[in-house]
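Participant: The following block contains a protein sequence and its predicted model.
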Amino acid sequence: MASRPEAGAAAAPMLSVLVCAAWPGRSWQASLTLPPGASVAQALAASGYGEAFPDQDPWAHGVGIHGHAVRADDILRDGDRIEIYRPLTFDPMESRRRRAAHRGRKMPVARPPRTPKAPR
């Protein structure tokens, strides 16, 4: 005879996760309760992101948990925040080059020599 769990026995705790996406001027998020062992792909499917934004692929620019990129089959932990990333509006390397060039223009070509200290 197979044993059944008793009514008072604790079931496996469910996971609470948050799925979010942000754009300039607006954001979207969904709080989910999922069974243990759920993957990132299962959370995205359960969140309703595909129905809310049918023209956007959440994996096009990456998905992460707390700022670290993840794969679709990565397993979630309780309290994870799944972030759907958007495309960059500028190239970070080009921005760095512009800042460096701007700083270079502000500096004088040659500094005048320092006057020596007077002997004591």
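Facilitator: Thanks, I have it. Numbers count the residues shown, from 1 in each chain.

Participant: now the strands for this protein?
Facilitator: Along the chain, counting by DSSP state E, strands occupy 15-23, 26-34, 63-65, 68-69, 81-84.

Participant: quick check: longest helix of this protein.
Facilitator: helix 92-106 (DSSP state H).

Participant: Out of the strands of the chain, which gets nearest to residue 99?
Facilitator: Counting by C-beta to C-beta, residue 99 lies closest to strand 15-23 out of these; the figure is 24.8 Å. Quick note: C-beta positions are derived from backbone N, CA and C, even for glycine.

Participant: worst-scoring helix or strand of the chain, pLDDT-wise?
Facilitator: For the chain, using mean pLDDT, DSSP states H and E, the weakest element among its helices and strands is helix 92-106, scoring a mean of 82.

Participant: on that earlier part again, between the strands of the chain, which one is closest to residue 51.
Facilitator: With respect to residue 51, and counting by C-beta to C-beta, the nearest of the strands of the chain is strand 26-34 at 10.8 Å.

Participant: Report the distance from the closest one to the chain centre.
Facilitator: Here strand 26-34 shows a centroid-to-chain-centroid distance of 14 Å under the convention C-alpha atoms, centre = their mean, to the nearest Å.

Participant: residues in contact with residue 38?
Facilitator: 15, 17, 75, 76 (C-beta atoms under 8 Å, 6 or more residues apart in numbering).

Participant: coming back round to it: any chance of the strands of the chain in JSON lines, with distance to residue 117, mean pLDDT and mean neighbour count too?
Facilitator: Compiled in JSON lines, the strands of the chain are given as follows (distance: least, C-beta to C-beta, whole Å; pLDDT from 0 to 100; neighbours: other C-beta atoms under 10 Å):
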{"stretch": "strand 15-23", "distance to residue 117": "57", "mean pLDDT": "94", "mean neighbour count": "17"}
{"stretch": "strand 26-34", "distance to residue 117": "59", "mean pLDDT": "95", "mean neighbour count": "14"}
{"stretch": "strand 63-65", "distance to residue 117": "56", "mean pLDDT": "96", "mean neighbour count": "18"}
{"stretch": "strand 68-69", "distance to residue 117": "54", "mean pLDDT": "95", "mean neighbour count": "10"}
{"stretch": "strand 81-84", "distance to residue 117": "57", "mean pLDDT": "97", "mean neighbour count": "21"}
